[in-house]
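Enquirer: build me a structure from this.
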Amino acid sequence: MSPAARWTTAIVGLLGLCVAAMVTLAVVAGGTRGRLVVPDYDQRALHHGDVMAQRDRDRALGWHAGLAIDGDDVVVTVRDAGGQPVTGATVEVALYHRAAASTVLHVAPRAAGDGVYRGHVDGLRDGIHQLAATVRRGDATFTADGWAER
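Expert: Numbers count the residues shown, from 1 in each chain. Presented below is the predicted three-dimensional model:
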């Protein structure tokens, strides 16, 4: 084979490998497991003013929430502005795994004492989860969100 034919074959071969790699990446990226679609993104956008008003109420209330995952449990620790535990509240948490954002899990953690609320979640995967908690006590409603890893 002549040197020109070898160079032509090498270049065509490399271009072929590049096309095969791009097709493979497009197929993998286009699969449902690779997508991160934020649940209710359109509704969040439509109600952005409500979300910002709730954040203002959260700041005025002064509560703080720690969100964590412990094994198969979601743990929410709620403290007031003075650092005291918030007891007697109703807590709801929605969470999803970053690799499967279309599967939103819901849990209503129960009081475990000292401002800690714990709830078991079936189907919890290993990895990073987005959590959004709503805490209600009397007329007060507090929201918190964050990331936690299992």
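
Enquirer: centre of the chain to the worst-scoring helix or strand of the chain on mean pLDDT, how far?
Expert: Ranked by mean pLDDT, DSSP states H and E, the weakest helix or strand in the chain is helix 41-46, scoring a mean of 82. Mean C-alpha position of helix 41-46 versus that of the full chain (Cα atoms, centre = their mean, to the nearest Å) differs by 16 Å.

Enquirer: and it, what does it pack against?
Expert: Contact analysis of helix 41-46 by 3 or more Cβ pairs under 8 Å, 6 or more residues apart in numbering; DSSP states H and E lists no helix or strand as a packing neighbour. The way it works is simple: take the backbone N, C-alpha and C, and place the C-beta from them, glycine included.

Enquirer: need the next SSE after it, C-terminal direction.
Expert: Going down the chain from helix 41-46, the next helix or strand is helix 48-61, by DSSP states H and E.

Enquirer: would you mark the buried spots in that next one?
Expert: Using 16 or more other Cβ atoms under 10 Å as the test for burial, helix 48-61 gives 58, 61.

Enquirer: next one: stretch 110-120
Expert: By neighbour count on 16+ other Cβ under 10 Å, the buried set for stretch 110-120 is 111, 115-119.

Enquirer: which of those fall within strands?
Expert: 111, 116-119 (DSSP state E).

Enquirer: in three-state terms, label the residue nearest in space to the middle of the chain for me.
Expert: With distances taken as Cα atoms, centre = their mean, residue 130 lies nearest the centre of the chain, 1.9 Å away. Of the three states, residue 130 takes strand under DSSP: H, G, I helix; E, B strand; the rest coil.
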